[in-house]
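[1] when you get a sec, could you give me coordinates for this:
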Amino acid sequence: MQQSFKYGNRTIDFDVTYSRRKSLKIAVEPPGLISVVAPAGLPKSMVMERVRSKAAWIAGKLDCFHDLHLPLARSFESGESFMYLGRDYPLSIYLDARLKKPEASLHGERVWVETPAAGPDVIREAMETWYRRQTLEKIEERVQHYQRLFSKRPSAVKVKEQKRRWGSCTGRDALLFNWRCIMAPLDVVDYIVVHEMCHLEQKNHSQLFWNLLAGILPEYRQSKKWLSRNGIRMIYNL
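    Next up is the predicted model:
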């Protein structure tokens, strides 16, 4: 369950799950993911009250992630590195006035952008279009790969802008993924995919959910840790 509240001039969004624990737990992870585990039966109003009481601490953690890990602004020039499946690839820009629109692609050890005109906005748009296309293609492939392990099928698989989530599963079983997912190594992509597919059967983060995930990906904690350490770089990589 997602909730939010205003703190100063910012909106703080957080996810709430319920368990048998006796106390409320708040976790803040890069790039700004806030999760709350509350005792079963605790009223929504009390959950909000307790989270609000920690607003200053939460804001401080978010600012710390931003200040310590935010990469330098992009210039979108040849030689700059971009992440793809866990590796850094240098960018090469090829100008050709005969082209109708810019197009990015991966060739060997480089990301190429062929474009009729230069400029950071043009290159950035080409890169984002390429990332979105690659992410959707890979996510659909991995969903199909793991589908045999699930009784339910997603109603749709889409990529979108999600700066504070890697993926989500809607109440109607649509799987939505952050278009930056393709920047992560394949085992991390698999973790993101399987995590959301598990929500097709368990719409929460109960022990049943984690048992289901661990049964499919026994080493999922390593991928989760990789995201915690490197997610901020993916979010601000473009």
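[2] residues in contact with the host helix or strand of Asp190?
    Using DSSP states H and E, Asp190 sits within helix 186-198. By C-beta atoms under 8 Å, 6 or more residues apart in numbering, the residues outside helix 186-198 that reach it are 85-86, 138-139, 142-143, 146-147, 150, 154, 166-169, 175-177, 181-182, 184, 209, 212-213, 216-217, 219-220, 222-224, 226-227. Just so you know, the C-beta spots here come from the backbone N, C-alpha and C atoms, and that holds for glycine as well.
[3] residue ranges with poor pLDDT in the chain?
    For the chain, the stretches with pLDDT under 70 are 30-31, 65-73, 163, 236.
[4] over to the residue of the chain positioned farthest from its centre: give its phi and psi.
    In the chain, the residue that sits farthest from the middle, by C-alpha atoms, centre = their mean, is Arg98; the gap is 36.6 Å. Note on Arg98: backbone dihedrals following degrees, to the nearest 10 are phi -80, psi -20.
[5] correct me, but it touches Thr115?
    No - counting by C-beta atoms under 8 Å, Arg98 does not reach Thr115; the two are 11.1 Å apart.
[6] for Lys101, helix, strand, or coil?
    Under DSSP: H, G, I helix; E, B strand; the rest coil, Lys101 falls in the coil class.
[7] measure the residue lying closest to Val157 once chain neighbours are set aside to Leu186 for me?
    Spatial nearest neighbour of Val157, excluding adjacent residues (C-beta to C-beta, 6 or more residues apart in numbering): Leu175 at 5.0 Å. With distances taken as C-beta to C-beta, to the nearest Å, Leu175 is found 18 Å from Leu186.
[8] of these two, who's got more company?
    Leu175 (24 against 13; other C-beta atoms under 10 Å).
[9] contact partners for the more buried one?
    By C-beta under 8 Å, 6+ apart, the contact set of Leu175 is 139, 143, 154, 156-158, 167-169, 196-197, 200.
[10] next, it: phi, psi?
    phi -100, psi 120.
[11] report the beta-bridge partners for it.
    Beta-bridge partners for Leu175, by DSSP bridges, are Val157, Cys169.
[12] quick revisit: most surrounded residue in the contacts of Leu175?
    Per-residue neighbour counts (other C-beta under 10 Å) across the contacts of Leu175 peak at Met197, which has 26 neighbours.
[13] who's in contact with Leu91?
    Applying C-beta under 8 Å, 6+ apart, the residues near Leu91 are 76-82, 110-113, 123, 127.
[14] sec struct for it, please.
    Three-state call for Leu91 (three-state DSSP): strand.
[15] look up how far Arg133 lies from it.
    To Arg133, Leu91 is 17 Å away according to C-beta to C-beta.
[16] my read: Thr17 touches His205, true?
    Yes - contact criterion C-beta under 8 Å: Thr17 and His205 qualify, at 4.2 Å.
[17] how far does the host helix or strand of Glu49 sit from the chain's center?
    Here Glu49, judged by DSSP H and E, is contained in helix 44-52. On the basis of C-alpha atoms, centre = their mean, to the nearest Å, helix 44-52 sits 26 Å off its chain's mean C-alpha point.
[18] for Met234, what are its contacts?
    With C-beta under 8 Å, 6+ apart, Met234 has these contacts: 31, 83, 180, 183-184.
[19] in strands only, show me the residues you listed.
    Among the contacts of Met234, the ones falling in strands (DSSP state E) are Met83.
[20] now the contacts of Met234 as CSV including distance to Ser105 and neighbour count?
    Listed next are the contacts of Met234 as CSV, based on distance: C-beta to C-beta, whole Å; neighbours: other C-beta atoms under 10 Å:
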residue, distance to Ser105, neighbour count
Pro31, 27, 23
Met83, 16, 20
Arg180, 18, 25
Met183, 16, 26
Ala184, 20, 26
